[in-house]
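Enquirer: structure, please.
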Amino acid sequence: MCGRGALSKGDDDLFTFDRAERLVGSNMTFEERELASTGPMRGRGLYLVPASGVAENPLQLLPLIQLRSVPESEEGAVYYYSRRLTPDEGQGFRFVSYHFEGRPEEQIEDPALTSLIEDLRSA
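Expert: Numbering: from 1, shown residues only. Purely as a prediction, here's the structure:
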């Protein structure tokens, strides 16, 4: 299961997210549910968490997979990193969606992704 959410409350042992979005398998519909976690999760990040129960140490996905809102509709779509744009195309990265026909390609400038790719190249 892939999830993300906004923190509603937390104590020393457990973080609770009132509205976590959940995406399971190839289903294009995001479900909202309450999610409890033993670790913090940033609101815009995507995490791998169990389908039910407490998320113990949720694993944050690298920004090579992004959930993006599509301005022309109320829908959100999952986009996957495709490649870095050539200088003729501009700056940033090309992301593609395999299930959202309304806008199957996005050009995105993302400083965190730029830094990540530079770190990977130098490793």
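Enquirer: list the contacts of stretch 60-70.
Expert: With C-beta atoms under 8 Å, 6 or more residues apart in numbering as the test, stretch 60-70 has contacts from 2, 4, 21, 23, 41-42, 45-48, 75-81, 95, 100, 102-103, 106, 108, 110, 112-113, 116. Yep, even glycine has a C-beta here, placed from its N, CA and C like the rest.
Enquirer: residue 39: what secondary structure?
Expert: Secondary structure state of residue 39, per DSSP: H, G, I helix; E, B strand; the rest coil, is coil.
Enquirer: how about residue 121?
Expert: Residue 121 is classified as helix under three-state DSSP.
Enquirer: which residues touch it?
Expert: Contacts for residue 121 (C-beta under 8 Å, 6+ apart) come out as none.
Enquirer: can you tell me the closest non-neighbouring residue to the residue positioned nearest the centre of the chain?
Expert: Centroid-nearest residue in the chain: residue 46, 3.5 Å away (criterion: C-alpha atoms, centre = their mean). Leaving aside its chain neighbours, residue 46 sits nearest to residue 61 (4.5 Å; criterion: C-beta to C-beta, 6 or more residues apart in numbering).
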